[in-house]
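Engineer: sequence and predicted model, in that order:
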Amino acid sequence: MTDLNRFANLYVAKMDKYDAKRDKLQKTIEKLEKLRCPSWIDEIIKPVAKAMVEKLPGRYYGILGPFGLSSETAIHFYDKNHPDNCDHCLSITFRPGDLNKGELRVVDYSQKSNEFAPGTIGEVNGFNYNEIDIKWDVDWLINFMEKTP
């Protein structure tokens with residue numbers, strides 16, 4: 001066997017090795033692309049919004065967020081008769097709790113603490129407003145939303 005043949009055989013062997021690695025990585029990529037990453041917006045907030053809007057005739061909803069360090073996410077219920085007028089909008093804001101346990105909390109804008117000074121990260125991210133555990137009841141959520149500013 002000549003040196004050229006040995007070189008060609010080594011080259012082919014290395015290329016086969018790299019092709020096998022590439023194929024393995026490609027299969028891994030394809031598996032990962034098929035995985036659906038759970039989203040608390042899709043799995044929790046959207047079903048809550050859909051259940052609430054069913055009990056709010058003449059309204060449609062929009063989901064805003066998540067925003068900030070607390071991942072605050074609001075559901076706005078707009079009046080179909082006044083779609084461009086936010087004075088007719090109802091809204092409720094949520095923060096995730098322990099999502100592994102399905103916890104969801106609602107932000108209570110009726111009470112403001114001054115725990116975080118103006119301009120601090122905590123104040124800018126809304127941490128001066130307490131969050132409370134929700135009751136997994138649509139009527140409770142609507143009642144809470146209608147009572148709070």
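Structural biologist: Yep, that arrived.

Engineer: residue ranges in the chain under the pLDDT threshold?
Structural biologist: The chain contains residues with pLDDT under 70 at 1, 36.

Engineer: what's the domain layout of this protein?
Structural biologist: Under the assignment automatic domain parsing, the domains of the chain span 1-35, 40-147.

Engineer: show me where the protein has strands.
Structural biologist: Using DSSP state E, the strands of the chain run over 59-67, 72-79, 90-96, 104-112, 129-133.

Engineer: ok, which of these comes nearest residue 21?
Structural biologist: Taking C-beta to C-beta as the measure, these were each checked against residue 21, and strand 59-67 came out nearest at 38.4 Å. Glycine gets a C-beta too; all of them are placed from N, C-alpha and C.

Engineer: give the pairing partners of the closest one; include direction for each.
Structural biologist: strand 72-79 (antiparallel) (DSSP bridges).

Engineer: check contacts around residue 92.
Structural biologist: Counting by C-beta atoms under 8 Å, 6 or more residues apart in numbering, residue 92 makes contact with 52, 74-75, 106, 141, 144-145, 148.

Engineer: again, only using 6 Å
Structural biologist: Residue 92 makes contact with 75, 145 under the criterion C-beta atoms under 6 Å, 6 or more residues apart in numbering.

Engineer: what does residue 110 give?
Structural biologist: Counting by C-beta under 6 Å, 6+ apart, residue 110 touches residue 148.

Engineer: next, the buried residues of stretch 98-110.
Structural biologist: By neighbour count, with 16 or more other C-beta atoms under 10 Å as the criterion, the buried positions of stretch 98-110 are 104-108.

Engineer: any chance of the strands of the chain in JSON lines, plus distance to residue 42?
Structural biologist: Formatted as JSON lines, those follow (distance: least, C-beta to C-beta, whole Å):
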{"stretch": "strand 59-67", "distance to residue 42": "10"}
{"stretch": "strand 72-79", "distance to residue 42": "11"}
{"stretch": "strand 90-96", "distance to residue 42": "13"}
{"stretch": "strand 104-112", "distance to residue 42": "13"}
{"stretch": "strand 129-133", "distance to residue 42": "21"}
